[in-house]
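Peer 1: sequence first, predicted coordinates after that:
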Amino acid sequence: MTDRASNSRASLFVQDPRTKARNATEKRFRIYGLSAIITALLALVWLLISIFGNGLPAFKQTFITFPVTLEESVLDKAGNRNIAEMSKTTTVGYGKLLAKSLAAEIAARSIDLGELDPKELAKMISEESSATLRDRVLADPSLIGQTLDITVLASGRIDGYFKGRVTLESAAIDKNTSPEQLLLADKLKAAGVMTVQLNSGFVTMPDASDKRPEAAGLGVAIIGSIYMMLVVLFLALPIGVAASVYLEEFAPKNRWTDLIEVNIANLAAVPSIVYGILGLAIFINFAGLPQSAPIVGGLVLTLLTLPRIIIPTRAALKAVPPSIRDAALGVGASRLQTVTHHVLPLAMPGVLTGTIIGLAQALGETAPLLLIGMVAFVRDFPGAPISGLFDPAAALPVQIYNWTQRGDPGFVERASGAIIVLLVFLIAMNAVAIYLRRKFERRW
Amino acid sequence: MGLGLLLLILLLLAVGGYIVGRGRAVAQVSGDIRKLHSLPPFYGRITSLITLVPALFLIAVWLLAEPLFIETKAFSLIAADDLPEGKSAELVMADVRRVTAGLTALQAIGRDTTPLLSNPADLKAALNDAGIVLETEPTVSTMAAAAALGAAKASSRWILSFAALAVACIGLGYALSRIKPEYRARNATERFAMWLLIACSMVAVLTTAGIVGSLLVESIHFFQLYPATEFFFSSNWNPKFGGGSSLGILPLLWGTLYVSAIALVVAVPIGLMSAIYLAEYASKSTRAWVKPAIEILAGIPTIVYGLFALVTVGPLLRDYFAMPLGFGDSSSSVMTAGLVMGIMVIPFVSSLSDDIINAVPQSLRDGSLGLGATPSETIRQVVIPAALPGIVGAILLAASRAIGETMIVVLGAGAAAQLSLNPFEAMTTVTVKIVSQLTGDTEFASPETLVAFALGLALFTLTLALNIIALIIVRKYREQYE
């Protein structure tokens, strides 16, 4: 410092080069920090935009509306409305009927087919539609002979055309569709026969086969996920709270309880897939529980969620001041009464917040469910609880994985749409948790 | 009797026990509850606890142990000649189980299964109708075993229902017989409750025991079928269902470490710098919304990241980096998975580092600033060195998270097991192979399936070691400043 003091040019108002350099470094350092935060936030925004951009179209779907005459000569040759005989007419028969009716409608509206081969017309209707119509007729044979205005799903490629996934160029090299189909689709849309509207089937219908992305829905997966969350809630919450109460309020400090504590801390960090292996080995191979059943998924997720519930619950119990306990004990309550009457109710907001966040994490968990057979293709809705817990079902995150593994590009849109549904559930759960925390949290 | 009905009856018994127990206690002192040792509800509570808990315990144990007993019985019925060469006993038992499930399903829809049991071809066709596909026609002894298994299962359920109800009734009777005015019901209830609490806290220990036990047992099975040296030191992974596969863990381990390393290269600078900025520079209001926003990244399910890698990041990297630079044309690559995983891991690094930087005593900062250091010099030369052990712990935890991550690599990294340095090439990881070896129809006696347990054991050991080291470091560090 001495030689600087002797420097006649040193001034408080003019920075010397070294100070300048140091200040520049300071500025750069701040910019690094700021840009790190901005990068992280941009990554989040990019992720969300990508998912929502890909997924929102899944909630809209292309439908075709036209009158169909359910001809007795095709659907019920004997004419006696015998269900067993009627079910001999396969979906192919219904498909032909639909195609004929659509052709008739196009002719009636004098829409030019263009160069489209009339046989190709049938392919514009989803194969799922004929199955749906068949089920409807078999459930109510009195419909036969009537002319109904029905709304059916358009095929996945037509739907993709209106969503920008399929173009005239790509259709030219695609054996599942043709540019002529797409041109006709434009005309049908202009005529109002074909409409793009909200698709409630996406959240209510079961999964559909590989070639019918337009008909695939999340119904079974949502039910399966709800069942699993019920199992987790009914098992993990009481067990987690009981374990936390014991460890926090009653356990003597010794090696054994120390072991339990280290154990819980480690379990929280065990990779989730290991829990899947545990579930496969214990619940399916050893105990013989059925594969793909929500009960097994629920049990695995319970074990996975337990440490994640115990840790915040213990923190909430610890936050209750000792004076509360002393007061209760002082007026003659037993230790258990102190906990159940005073400490637990005061800690409840924290416990519930922790539980809801734990449940939200369990809801998004995929890897362990893959190992216990939840990837199976399930079209039937599971029954009502408790026996329904043992029926095969899907789960939301696994359904998403399942769809990403399919060939048809329409399933990418479905998978992204399913993620939006999953995120809506997660946001709702977290919002409840934040509300509870804000509303009931007490600072002592 | 269905399980639901049984539980309902037990619950009703417990509720009844509460009412009767409470009433009995009050009646014995003819309404003058001052003469009772405890308040009347305690007499009810202890009665219902003694009625319900042992019966529930019996049901749980029974359901877990049931297959063990009745399957050995059914297994003894399988003739020795029916165990063909190369076909393991486990495989035959899987057939037996499938036939049993089919028979139960057929009986449920009201079909008489007795004639089917003498005709394998008919049985196979009937089961096919019921949605259960058998590869081959069942042998006579398989059918006998299946029928015995079905019968044993049904009778086991009846015995269970009967036993559970008997235990509940005995408990109820015992509890009621003990009710006297001087009976210390409150103390008994609390002792009982305390044991329940202890039992619940044991679940965590049992989970660990279950994980370690199942991994070890099946890994030992695997090493009996496949040489351990091959597994640990072979650089070739090529499972063939049908034998003759090479199952070396090295390429998988390499893929795992490569992906995790890229993830950390992305996450550590971003996470650490964000933590420093939030802890040292950001205003309170900025912190209040930026910190939760970054933590959202940790709350998003990994399947979402997986899809993001598959649909957005993978094709982007392929079209703008890998293809023009001549690194290959695969959209799933180590880089894709590593980058996306890096984004996922950012909050793990930043949150923990933020806490740790905040825990550095203010006096250190004040001293440094007072000597004329700029804030950034203070951070780099005082705060970070002081917080270093904790930050290393945070990074280790993030590494363990990255190593155990499954869905991002399943969807983003590909399935080709290879040792390569090119980050734009598809590689695979330990977790991906656990999933691919254990999904679908698995046959539990082949090394190709059992290898997943050995891989799981390796993964568990690796992450456990990282976690323990990280926890020790973080704990030591906390003590230092407390």
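Peer 2: Happy to help now that I have it.

Peer 1: okay, CA-based contacts and neighbour counts for the rest of this
Peer 2: OK.

Peer 1: now do the strands in the chain.
Peer 2: No chain specified, so I'll use chain A. Under the criterion DSSP state E, chain A contains strands at A:60-69, A:147-153, A:194-198.

Peer 1: that was the other one, I meant chain B.
Peer 2: In chain B, the strands defined using DSSP E lie at B:237-238, B:246-247.

Peer 1: how about residue 271, nearest residue that isn't a chain neighbour?
Peer 2: I'll assume chain A. Leaving aside its sequence neighbours, A:P271 sits nearest to B:G404 (CA to CA, 6 or more residues apart in numbering or on different chains; 4.8 Å).

Peer 1: was after chain B, sorry
Peer 2: Using CA to CA, 6+ apart and skipping residues adjacent in sequence, the residue nearest B:G271 is B:S350, 4.3 Å away.

Peer 1: the closest residue to chain A within chain B: neighbouring residues, count only.
Peer 2: With CA to the nearest CA, the shortest gap between chain B and chain A falls at B:S201, namely 4.1 Å. For B:S201, the neighbour count with other CA atoms under 10 Å in any protein chain shown is 26.

Peer 1: B:K153 now?
Peer 2: Other residues within reach of B:K153, judged by other CA under 10 Å, total 17.

Peer 1: and it, what does it touch?
Peer 2: Residues near B:K153 by CA atoms under 8 Å, 6 or more residues apart in numbering or on different chains: B:I70.

Peer 1: contact residues of the stretch 101-250 of chain A facing chain B?
Peer 2: When proximity is defined as CA under 8 Å from any CA of the partner chain, the stretch 101-250 of chain A approaches chain B at A:I239, A:G240, A:A242, A:A243, A:S244, A:V245, A:Y246, A:L247.

Peer 1: any idea how far the second one lies from A:F250?
Peer 2: The span separating A:G240 from A:F250 equals 15 Å under the rule CA to CA, to the nearest Å.

Peer 1: neighbour-wise, which of those two wins?
Peer 2: For A:G240 versus A:F250, neighbours defined as other CA under 10 Å are more numerous around A:G240 (29 against 15).

Peer 1: so how far is stretch A:380-395 off the chain centroid?
Peer 2: Averaging C-alpha positions (CA atoms, centre = their mean, to the nearest Å) puts stretch A:380-395 18 Å from its chain's average.

Peer 1: show me which residues of it are buried.
Peer 2: The neighbour-count check on stretch A:380-395 (16 or more other CA atoms under 10 Å in any protein chain shown) flags A:F381, A:P382, A:G388, A:L389, A:F390, A:D391, A:P392, A:A393, A:A394, A:A395 as buried.

Peer 1: the last one reaches A:A221, doesn't it?
Peer 2: Think A:A395. Yes: taking CA atoms under 8 Å as the definition, A:A395 is a contact partner of A:A221 at 4.2 Å.

Peer 1: show me where pLDDT drops low in the stretch 101-250 of chain B?
Peer 2: For the stretch 101-250 of chain B, applying pLDDT under 70 flags the ranges B:105, B:108-118, B:128-138, B:241-243.

Peer 1: on that earlier part again, so what's the residue nearest to B:G271 up against?
Peer 2: Here B:S350 is in contact with B:G271, B:L272, B:M273, B:S274, B:A275 (CA under 8 Å, 6+ apart).

Peer 1: what's the domain layout of chain A?
Peer 2: Following automatic domain parsing, chain A resolves into domains at A:2-55, A:58-215, A:219-440.

Peer 1: the longest one - what's its average pLDDT?
Peer 2: Across domain A:219-440, the average pLDDT comes to 90.

Peer 1: please work out which residue of chain A is closest to chain B.
Peer 2: At 4.1 Å from chain B, A:A243 is the closest residue in chain A, using CA to the nearest CA.

Peer 1: spatially nearest residue to that residue, not counting backbone neighbours?
Peer 2: B:S201 (4.1 Å).

Peer 1: that older thread, filter the buried residues of stretch A:380-395 by proximity to chain B?
Peer 2: Contacts with chain B are made by none of those, judged by CA under 8 Å from any CA.

Peer 1: which one of those residues is nearest A:K175?
Peer 2: Using CA to CA, A:A394 comes nearest to A:K175 of the buried residues of stretch A:380-395, at 31.4 Å.

Peer 1: make sure A:A122 is actually in contact with A:A99.
Peer 2: Yes: the pair A:A122 and A:A99 qualifies as a contact (CA under 8 Å) at a distance of 4.8 Å.

Peer 1: circling back: now tabulate the residues of the stretch 101-250 of chain A next to chain B in CSV and tack on distance to B:F308.
Peer 2: Converted to CSV, those look like this (distance: CA to CA, whole Å):
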residue, distance to B:F308
A:I239, 36
A:G240, 34
A:A242, 39
A:A243, 38
A:S244, 37
A:V245, 41
A:Y246, 42
A:L247, 41
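
Peer 1: inside helices: which ones of those residues?
Peer 2: Among these, the ones falling in helices (DSSP state H) are A:I239, A:G240, A:A242, A:A243, A:S244, A:V245.

Peer 1: need the buried ones from the residues you listed selected in PyMOL.
Peer 2: PyMOL command restricting those to the buried ones, with burial defined by 16+ other CA under 10 Å:
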select buried, chain A and resi 239+240+242+243+244+245
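
Peer 1: adding distance to B:A144, write the ones in helices among the residues of the stretch 101-250 of chain A next to chain B out as CSV.
Peer 2: Formatted as CSV, these follow (distance: CA to CA, whole Å):
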residue, distance to B:A144
A:I239, 42
A:G240, 45
A:A242, 47
A:A243, 46
A:S244, 50
A:V245, 51
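
Peer 1: output the set of residues of the stretch 201-350 of chain B in proximity to chain A.
Peer 2: Counting by CA under 8 Å from any CA, the residues of the stretch 201-350 of chain B close to chain A are B:201-202, B:204-205, B:207-208, B:210-211, B:214-215, B:269-271, B:273-274, B:276-277, B:281, B:293-294, B:297, B:299-305, B:307-308, B:311-312, B:343, B:346.

Peer 1: what subset of these is buried?
Peer 2: Those of those that meet the buried threshold are B:201, B:204-205, B:207-208, B:210-211, B:214-215, B:269-271, B:273-274, B:276-277, B:281, B:294, B:297, B:299-305, B:307-308, B:311-312, B:343, B:346, by 16+ other CA under 10 Å.

Peer 1: point out the ones among those that are inside helices.
Peer 2: Counting by DSSP H, the part of these found in helices is B:201, B:204-205, B:207-208, B:210-211, B:214-215, B:269-271, B:273-274, B:276, B:294, B:297, B:299, B:302-305, B:307-308, B:343, B:346.

Peer 1: isn't B:G171 up against B:I46?
Peer 2: No: using CA under 8 Å, B:G171 makes no contact with B:I46, being 10.4 Å away.

Peer 1: who's more crowded, these two?
Peer 2: Ranked by neighbour count (other CA under 10 Å), B:G171 and B:I46 place B:I46 first, with 28 against 22.

Peer 1: how much space separates that one from A:F162?
Peer 2: Using CA to CA, B:I46 is found at 67 Å from A:F162.

Peer 1: with A:G219 instead?
Peer 2: Applying CA to CA to A:G219 and A:F162 gives a distance of 25 Å.

Peer 1: still on that earlier bit, which one of the residues of the stretch 101-250 of chain A next to chain B is nearest A:A367?
Peer 2: Comparing those against A:A367 with CA to CA places A:G240 closest, at 22.8 Å.

Peer 1: now that closest one. Nearest residue, chain neighbours left out?
Peer 2: Distances taken as CA to CA, 6+ apart put A:I310 closest to A:G240, at 5.2 Å, once the chain neighbours are dropped.
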